[in-house]
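Asker: Predicted model and sequence follow; I will ask about them next.
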Amino acid sequence: MRYLAQTVTRTAGRCRTCYSSTARASVEGRNAIVTGSSRGIGKAIAIRLASDGYNVCINDIPANQKGCEEVVSEIQALGRQACVAIADVSKRDEVKQMVQTSVDIFGPLDTMIANAGIAQAKAVLDLTEAEFERMFAVNVFGVNNCYAEAAKQMIAQGTCRPDRPGKIIGAASIVAFKPFPQLPHYSAAKWAVRGLTQVYAMELAEHNITVNAYAPGIVGTPMWDQIDAQIAEKRGVRRGDIFKQFVRENTALGRASVPEDVAKLVSFLAGSDSDFYKIHHITSTSELQALFSSTTYVAVDFYADWCPPCKSIAPVFSALASQHSVPGVLAFAKVNVDHAQDVARTYRVTAMPTFLFFKEGRQVAVNGQVAIQGADPRSLGAAAEKLGGLAKKRAEAKAAEGKA
């Protein structure tokens, strides 16, 4: 079993433990496209990526061109390169041209942020067919267009490597996990983005391209101002009251997030720290079953936010996922029992953390069911090493079959 190399340094009389793998590789000179980036979350992401070292292609629809140009000026003031590519993401040919514009100006595409989206608050029975279609055209078809054209460009240019994968990142939402009333088509579209992202992640792994999505909660943006106003009018309350209610009921910190909060997460996903981010977050039994159907071996960590040992084991589990994940062969998944109680009941999990292994959907006796109350990495490591060996043999067998 390969463990992380540990070094100890002393600073100002204090002992500080660090790991050689925690040094974040520079993204200096890499190139990214951020759609819907003339304002709000997209703008914050573009500026953050530029601060990290990226050259950034700013995108939005024609009506927002002035905003795009202002963001370009802000990025250039940081000493980075930036350009504008006007395109409607719901139109595949325009997305293709957007990608080509970025490549013509900057060179190979390293990262695509499919951030563009729209929102509308309306009761489900009041929705028109045109409104439903428009929501999916931008929020689902638009994301797919960006994912597909970015992936084709990355594969064609041949620059994605295991130590420097291409990055494709999409905008989901809190409603991809917990739908809100008055947001029926928006909620459905974001659930679709979540599923689409997972499929792309599985299929593009062999091309050294990672695919992830971020799911903002209640964010202080013009989009949420619009949602607040529409629902407030429907309910006959003052503007701002709905926003405050959503914050109170859906945020543990009791405050709305700001675009810069989301940008920090996207910065992580677009950087080297997420190169081996290969953990599936399961919220239902059906999701876990879907993972079983696509992967021979699955290691599942059942945890709870209130459980101190769970927090201790989290970095160990992440390291194991980084070292042993093999697409289609061995996958690592986490289940928060507070949010997915049906999964815990199905597999009779009563202690946290509990670490289970499955082969072709059936629990196997590799370390059995391990309740790691002491968060001992050796018990996890031994089990993962055994499964990792099985996964390696299976991968080699598949490769041999392909050559035959």
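Answerer: Received, thanks.
Asker: quick check: domain ranges of this protein?
Answerer: Listed domain ranges for the chain are 31-274, 279-403 (source: automatic domain parsing).
Asker: As CSV, those domains with distance to Ala25, mean neighbour count and mean pLDDT would be great.
Answerer: Backbone N, C-alpha and C define where each C-beta goes, glycine included. Formatted as CSV, those follow (distance: least, Cβ to Cβ, whole Å; neighbours: other Cβ atoms under 10 Å; pLDDT from 0 to 100):
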stretch, distance to Ala25, mean neighbour count, mean pLDDT
domain 31-274, 4, 19, 92
domain 279-403, 14, 17, 68
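Asker: show me the contacts for Arg348.
Answerer: Counting by Cβ atoms under 8 Å, 6 or more residues apart in numbering, Arg348 touches no other residue.
Asker: which SS state does it fall under?
Answerer: coil (DSSP: H, G, I helix; E, B strand; the rest coil).
Asker: Would you state the predicted confidence (pLDDT) at Thr7?
Answerer: pLDDT for Thr7: 26.
Asker: do the same with the one 3 residues further on
Answerer: For Arg10, the model assigns a pLDDT of 29.
Asker: Could you do the one 3 residues further on as well?
Answerer: You'll see Gly13 listed with a pLDDT of 34.
Asker: cool, and the one 5 residues further on?
Answerer: The predicted local distance difference test score for Cys18 is 32.
Asker: The one 4 residues further on too?
Answerer: In the predicted model, Thr22 carries a pLDDT score of 47.
Asker: from memory Ala263 sits against Asp52, does it?
Answerer: No - counting by Cβ atoms under 8 Å, Ala263 stays clear of Asp52, with 9.9 Å between them.
Asker: sec struct for Val335, please.
Answerer: Taking three-state DSSP, the label given to Val335 is strand.
Asker: That one bridge partners, please.
Answerer: Ile282, Phe302 (DSSP bridges).
Asker: Roughly how far does it sit from Leu78?
Answerer: As judged by Cβ to Cβ, to the nearest Å, Val335 and Leu78 stand 41 Å apart.
Asker: need the contact list for Leu127.
Answerer: For Leu127, the contacting residues are 184-185, by Cβ under 8 Å, 6+ apart.
Asker: can you map out the strands along the stretch 151-300 of the chain?
Answerer: Ranges of strands in the stretch 151-300 of the chain, per DSSP state E, counting those that start in this stretch, are 166-171, 209-214, 279-282, 297-303.
Asker: now swap in the stretch 1-150 of the chain and tell me
Answerer: Using DSSP E, counting those that start in this stretch, strands in the stretch 1-150 of the chain cover 6-11, 14-19, 31-34, 55-60, 82-86, 111-114.
Asker: Show me what the last one packs onto, helices and strands only.
Answerer: Which is strand 111-114. strand 31-34, helix 40-52, helix 142-157, strand 166-171, helix 259-270 (3 or more Cβ pairs under 8 Å, 6 or more residues apart in numbering; DSSP states H and E).
Asker: Provide the angle between the direction of the longest one and the direction of strand 166-171.
Answerer: With axes from the mean of the first three to the mean of the last three Cα atoms, to 10 degrees as the basis, helix 142-157 and strand 166-171 are set at 180 degrees to each other.
Asker: what's in contact with helix 142-157?
Answerer: With Cβ under 8 Å, 6+ apart, helix 142-157 has contacts from 33, 35, 89-92, 95-96, 98-99, 103, 108-110, 112, 114, 116-117, 160, 166, 168, 170-171, 193, 196-197, 200, 204, 207, 209, 211.
Asker: cool, the shortest one as well?
Answerer: Identification of contacts with strand 31-34 by Cβ under 8 Å, 6+ apart yields 42, 45-46, 49, 54-59, 85, 98-99, 102, 106-113, 115, 146, 150, 167, 270.
Asker: In its sheet, which strands sit next to it, and in what direction?
Answerer: According to DSSP bridges, strand 31-34 forms sheet pairs with strand 55-60 (parallel), strand 111-114 (parallel).
Asker: looking at these, which is closest to Gly254?
Answerer: Nearest to Gly254, of all those, is strand 111-114, at 28.7 Å by Cβ to Cβ.
Asker: how about that closest one as PDB, C-alpha atoms only?
Answerer: Listed next in PDB are the C-alpha coordinates belonging to strand 111-114 (Å, rounded to 0.1, in the frame of the first residue of the first chain):
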ATOM      1  CA  THR A 111     -11.000  24.100 -19.100                       C
ATOM      2  CA  MET A 112     -14.700  24.600 -19.900                       C
ATOM      3  CA  ILE A 113     -17.000  26.100 -17.400                       C
ATOM      4  CA  ALA A 114     -20.600  25.600 -18.600                       C
END
